[in-house]
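>>> what's the 3D shape of this:
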Amino acid sequence: MLASTAWAQSVAPGFPAPARTARAVVPRAASCHNGASFDRFLAELKQQALADGVSQRAIGEAAPYLVYDQGIVNRDRGQRVFGQVFTEFSGRMAAPYRMQQGQAHIRTYAAAFARAEKEYGVPPAVIAAFWGLESDFGANMGNLPTLRSLVSLAYDCRRSERFIGETIAALKIIDRGDLTPEEMIGSWAGELGQTQFLPTHYFTYAVDYGGHRNLLSSPEDVIGSTANYIASGLKWRRGEPWLQEVRVTAPSDFPWDQADLTIRLPRSKWARLGVKYSDGRPLPDDEMPASLLLPMGRNGPAFLAYANFAAYTEWNNSLIYSTTAGYLATRIAGAPPMQRPTAHVAQLPFSELRELQQLLVRAGYDVGKVDGVMGQQSRSAVKAMQIKYGLPADSWPTAELLARMRGPRAQPATAAAAQPVR
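The predicted structure is shown next:
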């Protein structure tokens, strides 16, 4: 998923969306297409679709919608990550009303949820959480013509190959009879339906639970198709947990460097290290592997993330989103609210996060993009530098670490309000 509509509206309420009736603008010839005009590019894309099995009929039906929209390209290039720490983001996106709506939808569509769990092994709460986060159960699916978005992003050079494939997949959806071009209305990034499937996912994983495949208006199809994608595409493991809140009872000598999604230890090992469930109950003395997940460092909430949590990071690689989705699913399934930090967890401002990344790059670490966003590569680099300086290695960027990296002549960094974190 590129960007859930409900999530984008929640974290960026003032961000302007291109109008549905936006007039197409003739673009400059894209360099990645050897300078070919959009019309030339589109003709070649149609030939590629024909060669890939799309009928001439479907291409003809879609033709009026295959127009370029510079506003879509501008929006794609101007994406920003809005600054919230996990407790703020989850407080909004996993709010009690969304948990209650998820539980209500499970009751309303009990037969479809039961069928999906039997066929695919995905619990109702997991499906309902994604459904709520992606579109508020169908209330916010986007209002832009999908084909226009896809073909505009396909012509642009930033992710051309990906969106050529997505455009052809959308044509296959039309050819199969699932949706008409006019019905294809969704998010600016070309995602469709109540759980915001890219067209390739729609074509591959959509199932018919209610007459014919329609993820825009059939809740039953949404439930079955989402379960199919999670199980078949994201490799969900039937009968296993995904996320459970815990707490560390002996933080003074805890090996914080072990708190990493790339490290899995048996629950019996975590128990010996002083990890318990959030209500104080002991962990099972078994060999089930789990990672200790600290989305805000050692002073924030703590979770055991199991193998199934990988489905969440595959759905959306933003750590803040994936953890929120997993947490919301536990709440819908009946878990109590998470324990809030007893003290404020400071977050460096965007400019200092970016500076820290630059310093880490100079020190020889690969942080991915230097963009002020703490992705997995940046967090791993932070942990390595914390180990070097003898600091608690919880992968959380702090003012102390930044001051150490600036050197003795620099003034210590000052922690500020929440800024982008992933």
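>>> For the rest of this, base every contact and every neighbour count on C-alpha atoms.
Will do.
>>> so how many other residues sit close to residue 55?
Burial of residue 55 is recorded as 17 neighbouring residues (other Cα atoms under 10 Å).
>>> nearest residue to it other than its sequence neighbours?
The spatially closest residue to residue 55, leaving aside those adjacent along the chain, is residue 175, at 6.7 Å (Cα to Cα, 6 or more residues apart in numbering).
>>> How about the backbone phi and psi for the one you found?
Comment: the main-chain dihedrals of residue 175 come out as phi -60, psi -40, following degrees, to the nearest 10.
>>> where's it relative to residue 184, distance?
Using Cα to Cα, to the nearest Å, one gets 13 Å for the distance from residue 175 to residue 184.
>>> higher neighbour count, those two?
When residue 175 and residue 184 are compared on other Cα under 10 Å, the one with more neighbours turns out to be residue 184, at 23 against 20.
>>> who's in contact with the residue lying closest to that one once chain neighbours are set aside?
With sequence-adjacent residues excluded and distances taken as Cα to Cα, 6+ apart, residue 184 is closest to residue 146, at 5.4 Å. Residue 146 makes contact with 184-192 under the criterion Cα atoms under 8 Å, 6 or more residues apart in numbering.
>>> and if you look at residue 220?
Counting by Cα under 8 Å, 6+ apart, residue 220 has contacts 109, 112, 209-210.
>>> Quick check: phi and psi at the residue nearest to the spatial centre of the chain.
Nearest to the geometric centre of the chain sits residue 316, at 2.2 Å (Cα atoms, centre = their mean). Per-residue torsions, residue 316: phi -150, psi 120 (degrees, to the nearest 10).
>>> For the protein, name the helix or strand with the lowest mean pLDDT.
For the chain, the helix or strand with the lowest mean confidence is helix 5-11, at a mean of 54 (criterion: mean pLDDT, DSSP states H and E).
>>> Could you check the pLDDT of residue 105?
The predicted local distance difference test score for residue 105 is 98.
>>> same check, this time on residue 378
What the model reports for residue 378 is a pLDDT of 92.
>>> Spell out the residue ranges of the strands in the protein.
144-145, 185-186, 243-248, 265-266, 275-277, 289-293, 302-305 (DSSP state E).
>>> from the contacts of residue 220, which single one is nearest residue 380?
Using Cα to Cα, the shortest approach to residue 380 within the contacts of residue 220 belongs to residue 112, at 41.1 Å.
>>> Counting neighbours, what do you get for that closest one?
Residues lying near residue 112 (other Cα under 10 Å) number 21.
>>> and it, what does it touch?
Contact partners of residue 112, counting by Cα under 8 Å, 6+ apart, are 209, 220, 223-224.
>>> could I have stretch 35-43 exported to PDB, CA atoms only?
The C-alpha trace of stretch 35-43 is given here as PDB (Å, rounded to 0.1, in the frame of the first residue of the first chain):
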ATOM      1  CA  GLY A  35      12.000  12.000 -24.900                       C
ATOM      2  CA  ALA A  36       8.800  10.500 -26.200                       C
ATOM      3  CA  SER A  37       5.600  12.600 -25.900                       C
ATOM      4  CA  PHE A  38       2.800  11.500 -23.700                       C
ATOM      5  CA  ASP A  39       0.800  10.400 -26.700                       C
ATOM      6  CA  ARG A  40       3.600   8.400 -28.000                       C
ATOM      7  CA  PHE A  41       4.200   6.800 -24.600                       C
ATOM      8  CA  LEU A  42       0.500   6.000 -24.300                       C
ATOM      9  CA  ALA A  43       0.400   4.300 -27.700                       C
END
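>>> And the contacts of stretch 191-201?
Under the contact criterion Cα under 8 Å, 6+ apart, stretch 191-201 has outside partners 1-2, 4-5, 130-131, 134-135, 137-138, 140-141, 146, 165-167, 169-170, 173, 184-187, 190, 202, 214-217, 222, 226, 229.
>>> Can you give me the first-to-last residue distance of that stretch?
Taking Cα to Cα as the measure, stretch 191-201 stretches 10 Å from start to finish.
>>> avg pLDDT for it?
Along stretch 191-201, the predicted local confidence has a mean pLDDT of 98.
>>> gap between it and the chain center?
For stretch 191-201, the gap between its own C-alpha mean and the chain's C-alpha mean amounts to 13 Å (Cα atoms, centre = their mean, to the nearest Å).
>>> Equivalent analysis for stretch 383-403, please.
Averaging C-alpha positions (Cα atoms, centre = their mean) puts stretch 383-403 26 Å from its chain's average.
>>> what about it, how long is it end to end?
Using Cα to Cα, the span of stretch 383-403 from its first residue to its last is 15 Å.
>>> List the buried residues for it?
383-387, 392-399, 401-403 (16 or more other Cα atoms under 10 Å).
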